[in-house]
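Q: quick one: sequence and predicted model below, then my questions.
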Protein chains: 4
Amino acid sequence: MIRFNNDYNRGAHPAILAALSATNDEPFEGYGLDPWCEAAAREILKYLDEPERARASVHFLVGGTQTNVTVISALLRPWQSVVSAHSGHINVHETGAVEHSGHKVEALPAQNGKISAEQVAAVAEGFRVSDIPEHITQPKMVYISLPTEVGSVYTRAELEALRAVCDEYSLILFIDGARLSYGLASPACDLTLADIARLTDVFYIGGTKCGALFGEAVVFTNPALACDFRSAIKQNGGMLAKGWLLGLQFHTLFRDGLYFRIAESAISQAMRIRDAFAAAGVPAYAESPTNQQFVVLTEEQMRALGQKYIYEYEAALGEGRHAVRFCTSWSTSDADVDALVADIAAL
Amino acid sequence: MIRFNNDYNRGAHPAILAALSATNDEPFEGYGLDPWCEAAAREILKYLDEPERARASVHFLVGGTQTNVTVISALLRPWQSVVSAHSGHINVHETGAVEHSGHKVEALPAQNGKISAEQVAAVAEGFRVSDIPEHITQPKMVYISLPTEVGSVYTRAELEALRAVCDEYSLILFIDGARLSYGLASPACDLTLADIARLTDVFYIGGTKCGALFGEAVVFTNPALACDFRSAIKQNGGMLAKGWLLGLQFHTLFRDGLYFRIAESAISQAMRIRDAFAAAGVPAYAESPTNQQFVVLTEEQMRALGQKYIYEYEAALGEGRHAVRFCTSWSTSDADVDALVADIAAL
Amino acid sequence: MIRFNNDYNRGAHPAILAALSATNDEPFEGYGLDPWCEAAAREILKYLDEPERARASVHFLVGGTQTNVTVISALLRPWQSVVSAHSGHINVHETGAVEHSGHKVEALPAQNGKISAEQVAAVAEGFRVSDIPEHITQPKMVYISLPTEVGSVYTRAELEALRAVCDEYSLILFIDGARLSYGLASPACDLTLADIARLTDVFYIGGTKCGALFGEAVVFTNPALACDFRSAIKQNGGMLAKGWLLGLQFHTLFRDGLYFRIAESAISQAMRIRDAFAAAGVPAYAESPTNQQFVVLTEEQMRALGQKYIYEYEAALGEGRHAVRFCTSWSTSDADVDALVADIAAL
Amino acid sequence: MIRFNNDYNRGAHPAILAALSATNDEPFEGYGLDPWCEAAAREILKYLDEPERARASVHFLVGGTQTNVTVISALLRPWQSVVSAHSGHINVHETGAVEHSGHKVEALPAQNGKISAEQVAAVAEGFRVSDIPEHITQPKMVYISLPTEVGSVYTRAELEALRAVCDEYSLILFIDGARLSYGLASPACDLTLADIARLTDVFYIGGTKCGALFGEAVVFTNPALACDFRSAIKQNGGMLAKGWLLGLQFHTLFRDGLYFRIAESAISQAMRIRDAFAAAGVPAYAESPTNQQFVVLTEEQMRALGQKYIYEYEAALGEGRHAVRFCTSWSTSDADVDALVADIAAL
């Protein structure tokens, strides 16, 4: 069986494994206070422009749910909520971890996985003009994913519009970049890492799905928000004892642009799959220019492709039609895509 | 100004004040362990049938938000969620208190303030068939309000259907009865207190809005769920030191049916207001057979009525139309309703 | 049986009941936004000096545990802890409510119910010099009770010393004044309400145990900390719908000093009881110049006094000796004290 | 500089790195639902006896703090507390993570890092006989570390006594085995893994400090408690996307006893260090038969050893004396111990 079900079904990029092997016998200070974390932060910050670069700080955590909860709960006071697309990962796939940390997720209907500045403004304005503000949660943060959970990407104009609303209403803008490399590598994306740093207060750069064994790098560009963040990490169980394992992996990914390069091939492969489905008359379930491709299959098509490929089931759409995901990654081989494309053509 | 804005703008029914005065110099044990709480529980339980009566237990808390959070957080494990109408009080008017207690509110679109057994079944079935159950919250409780936040009431058939779904999926059924008297007193309601006890696991009988100074009586008819509930009350700050004040009030309301009687006049008054608006061509915002009447006013109508009456603003509907609430209560005088009805006719 | 077990076993001071009766038919705005709350705040603030008076704000809640949790959890970030005497109410008698809100109570051994500036400084300095600050909780608030749980009172010098330490380490100083009137009315107490306001960031004035039916008045003298406190009250279930009931009671207690006067007689009575025990050779369990008297009784003495009086059992001390509490209050009659004193003499 | 400061300052045992390399290109199912986790669980369970083996389940998490919080908060209801030595890791070195999850840690004074059955019984009995049980937290779990934070180990008799108390009072017995291999490998320890499984409800086997890159294996031997534990892991951010990395490591450690073997050399080395300090007249700070050695040094001795070795500072003891830790591990070389022993002799 060939796995296209997700982008975290293989170990690490060989360069990362090599780095782990090369340093395995060296002793390091624990809990992220080691030279590799420092070096990795430096490499990441090179991609930022001033003044963000000078004031940014980088923290490394192990996984995405943990990172989302740690960032969100560290920055909100108890009665403040986070605004998210209804399809946002924190709203649907984290076992209510944000609510478990005490905060409401204010879920908005998404358009192709995205929420708009207008929607956020409406929520914030609703609170501002409320005559019973103490009876409702106070929206204080906007959470978006880039790419989104259906593979779409915000444009620079959309992100700037969100930033403007956040400025107007004193909201924190937080980007979940679990798949950030696949967003930035997409030709459809007109954003750079520097743009993201400039337009957000805090974001994270995903490692788990983008070539690392595990690890997410949180970047605060609003320094006031970073205060005591290490305490939040430790309290939320995200402070790896052997923290240099995180630094080492991100150093490997960022010192020479590996993080971006390996995503490019995944995008090319995903576009081939997208085009193959389109050519076969299989409708897209979402418009995605990144490594996740969502399509609508009949049950017969599911059976046909399911004989050779593992894909991810998403949702029953009625009348025998189902949404499924095919996912490429840094580890997807051209041969596997060749096979899939051929089999799609034969549907 | 005449207040129709809510049903908690005056003190207590005179009988309650008399009871407080009569016992003011008597000493009692604290924290609800007094003869009045015991007697009040006994009076309430008289309205239940067997076998519920024998196995039920009654606890008294101070206010509604506190009661909702205490019940919900005492009964759910951390990864379990509560299903509610989007318009449910816990979802929109309690400052995220349920989420603050660690639980997601799974909000469903409401029809005239109500959710259906089918909607709940869809959520529960979605979890049951999920192939990633540990990534999503586990629906474990259904929260409904009776009457609902827009004044509607569930029928016995609707409640029985919800009960059936709850049985099928092992869900707890919890009724927020903050305005229960106004529901039970409505001719449109075919439910009795005994029905409610029979069909739910736990519900509460509102005192604050129904004649008391304050106080809500939680009734567990599923005894397994009541275990350690006093610890939950204390931990959530709902255990009144002078707990007999709660027992005394509910004893006064229930020993001879005062709780139901005083709601009847409120309902009659509300029906007069409803009819007056209808006669004046003012559209209803929701269909309510209880003490809350929601109508759609123009700005001119709002100004006209606003000169003499305080009503509650609900929402801007666009094009100069606004939803507002007129509320009667146990304390509303016929004279005030006469005046309002006349002024509505003159709109 | 005559109750000396606590100071909350009777209703309210007659003046409060009269005020409730007098206003029972008047309509008011809900949730504490009424003229009585405003007037009560004004009366309370008259006891403060400038500049505290000008910048202070007052909020009314229903009960003590609720007040402690609301204040503490509103002011601390998740990884911050509150320092308390081990015998502090939040540490031993609130069902872990503070921990339930997410914060560690850093408990210090008490001397006669009190903690010292030196103890607090040691904790704060321990954090300051820690080389693993992110692995330990950050002490951020000092909680003391005045009077303490064993009836003792902090002197002005002791409170000033605590203030100095709090200033040095940026700690919030919070006083639980559940029995504040009995502290301020004690001849042994050299503090005034103005001193307390000047030396703390936030404190509360107890009503439940000091003449009211219920209610606690939180006074913030550090205005930065009061931000959004109404949201915290609502979220924690402490916002009474008929909030004017709280304002009305505190207005009655403060407009002409009733709050202080009624405590004075309780103190005189307590001193008579203290002296009677001392004369009878019954050892004190704690040195208390306030309304709670803790003594060490033999089992025979317990039986003897237990025939006529209800006292509160505290702890077994071994060898047949037990600590018990006798408590006076605003409602204790001289006749009951006469009887008790005579029976103590006869032990 | 030679590091003796902790047991997590180097990567992984070579066999683990080899296993990671060997499987790096193979695709696996995510979130712990892979053959390696299954195989690792099987290997671990081989060390258990029946009936524990048949009913046990194994879950893999990333780190210790996360594991402690996930287990504790999954098993306790909100008003229940966990009993721990004051020196317990959850009480002093996890940034209040357990309290952040809503539960009080009931800290008891430790004797050489251990708490006794008598101490636990006193707490449980105190709750059982309390006449105000709803005002205090309900002790429901006993947390001990094996080895303890100061390196000591519970004897089988001590553990059986704790089990008996837990049975008597319906308490859950949970062992934090972050350094379990070093405990089981110590000649002073008369316990086996089978004993631990038999005598506890849940425990975890540490990987991070015992040869793995990271990872802790939770073993439930009380199957009722394991219900929904995967939801708890996910919600607490401990569910690694590439979960097979955990299974693979534990499989490597357990398939042929590597986990126990590598601890044996660490113990021999630690004993050499202990003896060297004793011979040099340096007093022990705690009696430890495991890999952590705590000694009391003068400042001159600290400086002398600090020129060549990194040790962990623990506490100032006054009069110029300080407690410090020297730690061996699976990765400590004999040459480094030779050097340290010689330098200790020269103090």
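A: Thanks, I have the structure now.
Q: in stretch A:170-190, what counts as buried?
A: Residues A:171-186, A:189 are the ones in stretch A:170-190 that count as buried (16 or more other CB atoms under 10 Å in any protein chain shown). Using the backbone N, CA and C atoms, a C-beta is placed for each residue, glycine as well.
Q: what of stretch A:149-162?
A: A:149-154, A:158-162.
Q: which one of those sits closest to A:Arg128?
A: A:Leu162 (17.1 Å; CB to CB).
Q: wait, what's in contact with A:Val282?
A: Contact analysis of A:Val282 by CB atoms under 8 Å, 6 or more residues apart in numbering or on different chains lists A:295-297, A:301, A:344, A:347.
Q: I figured A:Lys209 was touching A:Arg10, is that so?
A: No - here A:Lys209 lies out of contact with A:Arg10, judged by CB atoms under 8 Å, at a distance of 10.9 Å.
Q: so those two - more neighbours on which side?
A: A:Lys209 (27 against 21; other CB atoms under 10 Å in any protein chain shown).
Q: circling back to that earlier point, so what sits against both of A:Lys209 and A:Arg10?
A: Here A:Lys209 and A:Arg10 have A:Ser329 as joint contacts, going by CB under 8 Å, 6+ apart.
Q: so is A:Ala40 in a helix, a strand, or just coil?
A: Following DSSP: H, G, I helix; E, B strand; the rest coil, A:Ala40 is assigned to helix.
Q: neighbours around the closest residue to A:Ala212 other than its chain neighbours, how many?
A: Take A:Ala212 and drop its neighbours on the chain: the residue closest to it by CB to CB, 6 or more residues apart in numbering or on different chains is A:Gln249, 4.3 Å away. When neighbours are counted by other CB under 10 Å, A:Gln249 registers 28.
Q: what about stretch A:187-207, how long is it end to end?
A: End-to-end distance for stretch A:187-207: 21 Å, by CA to CA, to the nearest Å.
Q: quick one: buried residues of it?
A: Quick answer for stretch A:187-207 (16+ other CB under 10 Å): A:189, A:191, A:193, A:195-207.
Q: low-confidence ranges, chain A, go.
A: Within chain A, no stretch has pLDDT under 70.
Q: so where do the strands sit in it?
A: A:2-3, A:57-61, A:80-85, A:105-108, A:138-145, A:172-177, A:202-206, A:216-220, A:292-298, A:309-310, A:312-318, A:321-327 (DSSP state E).
Q: tabulate those strands (CSV), appending distance to C:Glu99.
A: CSV is the format used below for those (distance: least, CB to CB, whole Å):
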stretch, distance to C:Glu99
strand A:2-3, 44
strand A:57-61, 25
strand A:80-85, 22
strand A:105-108, 25
strand A:138-145, 25
strand A:172-177, 28
strand A:202-206, 28
strand A:216-220, 28
strand A:292-298, 42
strand A:309-310, 45
strand A:312-318, 40
strand A:321-327, 42
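Q: out of the ones you listed, which gets nearest to chain C?
A: For chain C, the closest of the strands of chain A is strand A:138-145, at 6.5 Å, according to CB to the nearest CB.
Q: quick one: that closest one near chain D?
A: No - interface with chain D: strand A:138-145 contributes nothing (CB under 8 Å from any CB of the partner chain), its closest point being 15.5 Å away.
Q: now the angle from that strand to strand A:172-177?
A: 20 degrees (axes from the mean of the first three to the mean of the last three CA atoms, to 10 degrees).
Q: close to chain C, is strand A:138-145?
A: Yes - judged by CB under 8 Å from any CB, strand A:138-145 and chain C are in contact via A:Gln138.
Q: now do that strand against strand A:80-85, angle only.
A: Using the same axes, to 10 degrees: strand A:138-145 against strand A:80-85 is 40 degrees.
Q: quick one: strands adjacent to strand A:138-145?
A: strand A:80-85 (parallel), strand A:172-177 (parallel) (DSSP bridges).
Q: need the CA coordinates for the first one. CSV is fine.
A: Below are the C-alpha coordinates for strand A:80-85, written out as CSV (Å, rounded to 0.1, in the frame of the first residue of the first chain):
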residue,chain,number,x,y,z
GLN,A,80,-11.0,36.1,26.6
SER,A,81,-11.7,33.9,23.5
VAL,A,82,-9.9,33.0,20.3
VAL,A,83,-11.6,33.5,17.0
SER,A,84,-11.1,30.7,14.5
ALA,A,85,-12.6,29.3,11.3
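Q: ranking the contacts of A:Val282 by neighbours, who comes first?
A: Within those, A:Val295 tops the neighbour count with 26 neighbours, counted by other CB under 10 Å.
Q: got the contact list for that residue?
A: A:277, A:282-285, A:323-324, A:326.
Q: partners of it in the sheet?
A: Applying DSSP bridges, one finds that A:Val295 bridges with A:Ala284, A:Val324.
Q: residues touching the residue in the stretch 1-150 of chain A that chain D sits nearest to, list them.
A: Sorted by distance to chain D under CB to the nearest CB, the residues of the stretch 1-150 of chain A start with A:Gln66, at 2.9 Å. Going by CB under 8 Å, 6+ apart, A:Gln66 touches A:216, A:236-238, D:237-238.
Q: nearest to chain B among those residues?
A: The nearest one, if we look at the contacts of A:Gln66 relative to chain B and count by CB to the nearest CB, is D:Gly238, at 11.2 Å.
Q: count of neighbours near that closest one?
A: D:Gly238 has 26 nearby residues by other CB under 10 Å.
Q: give me every residue that touches the nearest residue to it once chain neighbours are set aside.
A: Nearest non-adjacent residue to D:Gly238, counting by CB to CB, 6+ apart: D:Leu61, 4.1 Å away. Taking CB under 8 Å, 6+ apart as the criterion, D:Leu61 is in contact with D:67, D:70, D:204, D:215-216, D:218, D:233, D:238-240, D:246.
Q: follow-up on the earlier one: what's the most distant pair in the contacts of A:Val295?
A: A:Pro283 and A:Phe326 (13.7 Å).
Q: those two: who's more crowded?
A: It is A:Phe326, of A:Pro283 and A:Phe326, that has more neighbours when counted by other CB under 10 Å, with 26 against 12.
Q: could you report the neighbour count for the residue nearest to the more buried one when sequence neighbours are not counted?
A: Once flanking residues are discounted, A:Phe326 sits nearest to A:Phe4: 4.4 Å by CB to CB, 6+ apart. For A:Phe4, the neighbour count with other CB under 10 Å is 28.
Q: now do the contacts for the residue of the stretch 201-347 of chain A found nearest chain D.
A: Distances between the stretch 201-347 of chain A and chain D by CB to the nearest CB are smallest at A:Gly237, namely 2.9 Å. Counting by CB under 8 Å, 6+ apart, A:Gly237 touches A:66, D:62-63, D:65-67, D:69-70, D:97, D:236-238.
Q: tell me the one of those residues nearest chain B?
A: Nearest to chain B among those, with distances taken as CB to the nearest CB, is D:Asn236, at 8.6 Å.
Q: give me the nearest residue to A:Arg321, chain neighbours excluded.
A: A:Val296 (5.3 Å).
Q: can you pull the contacts of the one you found?
A: Counting by CB under 8 Å, 6+ apart, A:Val296 has contacts A:282-285, A:317, A:321-323.
Q: quick one: it from A:Pro283, how far?
A: Using CB to CB, to the nearest Å, one obtains 5 Å as the distance from A:Val296 to A:Pro283.
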